[in-house]
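Build me a structure from this.
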Amino acid sequence: QVQLMESGGGSVQTGGSLKLSCSFSQYIFSGCGMGWYRQAPGKERELVSSISSRYSSTVYADSVKGRFTISQDNAEKVLYLEMNNLKTEDTAVYYCAAMFENSALICEGQVWGQGTQVTVSS
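Prediction:
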């Protein structure tokens, strides 16, 4: 099974930037691709962004559009999330995920990294 490991989290002030990285042990043969999720205290885990190399497509949550950019380097087996103009509401644990179709044929994260903390303060 693929193994994922995130890095790059930290503490920044509002308006700052961070770039998260996720190293994966093997290429993900899934049309769903890979994604970044986050979970804030007391809230459910939510999809932030996903990318499918097969279909050359990206998806972003409305709350991060225009501020976050997802990218993937398959040769190096690294997934990135560049986060700019960070807001306090971006504070969360960010998880990298390999995504696959569930029984309803909906793409969802099924293999997870350990997470990396992002804290944005005003």
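
Show the model's pLDDT score for the closest residue to Thr69 other than its chain neighbours.
Closest residue to Thr69 apart from its sequence neighbours, by C-beta to C-beta, 6 or more residues apart in numbering: Glu82 at 4.5 Å. No exception for glycine: its C-beta is placed from N, CA and C like everyone else's. In this prediction, Glu82 carries a pLDDT score of 98.

is it true that Glu82 touches Ser21?
No: Glu82 is beyond contact range of Ser21, at 10.0 Å (criterion: C-beta atoms under 8 Å).

neighbour-wise, which of these two wins?
Using other C-beta atoms under 10 Å, the more surrounded residue of Glu82 and Ser21 is Ser21, with 17 against 14.

Okay, that one and Gly113: tell me how far apart.
Note on Ser21: its distance to Gly113, by C-beta to C-beta, to the nearest Å, is 10 Å.

Packing partners of the top strand by length along the chain?
As assigned by DSSP state E, the longest strand anywhere in the chain is strand 92-101. Under the contact criterion of 3 or more C-beta pairs under 8 Å, 6 or more residues apart in numbering; DSSP states H and E, strand 92-101 touches strand 4-7, strand 18-24, strand 34-39, strand 107-112, strand 116-121.

Tell me the buried residues in the fourth one?
Think strand 107-112. Residues Cys107, Gly109, Val111 are the ones in strand 107-112 that count as buried (16 or more other C-beta atoms under 10 Å).

Mind giving me the packing neighbours of that strand?
Using 3+ C-beta pairs under 8 Å, 6+ apart: strand 107-112 touches strand 92-101.

Parallel or antiparallel, which strands does the strand it packs on pair with?
Strand 92-101 pairs in its sheet with strand 34-39 (antiparallel), strand 107-112 (antiparallel), strand 116-121 (antiparallel), by DSSP bridges.

mind putting the ones you listed in TSV, mean pLDDT included?
Putting these into TSV (pLDDT from 0 to 100) gives the following:
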stretch	mean pLDDT
strand 34-39	98
strand 107-112	94
strand 116-121	98
